[in-house]
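Trainee: The sequence and its predicted three-dimensional model are supplied below.
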Amino acid sequence: MPNFLAPVPGRRTFITPKRLATKKAAILLGIVLAGSGCITNTGGWYGLKHYGDVQPQKVESQGNTFGILDKPEEGRMVVTDTINRFKKLPLSQFELAAQAYFERSNRRCTIESAEYISTLSLEFFYSCAT
C-alpha cells in the first residue's frame, strides 16, 4: 500500500515540519483559550457543562444586546454581553438585562446573587414568585 504522506522527490510537500509545528501550536492555543473562557462568552467548559442543553435567548437593555441562557428549574441564568467585546460593562447593566428578560417572560423574579464567569458573562441565581 502506498504511503500518501511520504515526501515525493522533486515535489514540494504541503505539510512541512515547520507547518505541522505551527498547526499543532495553533490547535493547542485554541484548546487552552476555549478552556479558559476566552473564546466563548459563557465561560468555555463551564457554559457547556451547565447550559449546554439550553436554547439561547436575546434581550435588549439600555442600548445593548445580551444573550440569555436560563434554567428556571434551577433558578439560575447566564447573561452574556454580545456586543461590547472589548470593554467590561458594569454589573448593573447585566442585572437590568436579566430583569428585562424576566419581564418579557412574564415572571416576577428576584436576583439573589451573581458571579462573573468571564469578562463578558455573569451567572445570576434567582427566585421567582409562584
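Mentor: Arrived safely. Just so you know, these numbers come straight off a predicted model, no measurement behind them. Numbering: from 1, shown residues only.
Trainee: What are the buried residues along stretch 70-81?
Mentor: Asp70, Arg76, Met77, Val78, Val79, Thr80, Asp81 (16 or more other CB atoms under 10 Å). Glycine gets a C-beta too; all of them are placed from N, C-alpha and C.
Trainee: Which two among the residues you listed are spaced furthest apart?
Mentor: Greatest spatial distance among those (CB to CB): Arg76 and Asp81, at 17.8 Å.
Trainee: Need the single longest strand in the chain, by residues.
Mentor: Longest among the strand segments of the chain by residue count, using DSSP state E, is strand 109-118.
Trainee: Direction included, what does that one pair against?
Mentor: strand 121-128 (antiparallel) (DSSP bridges).
Trainee: buried residues in the partner strand?
Mentor: Buried, per 16+ other CB under 10 Å, within strand 121-128: Ser121, Leu122, Glu123, Phe124, Tyr126.
Trainee: average pLDDT across that strand?
Mentor: For strand 121-128, the mean pLDDT works out to 93.
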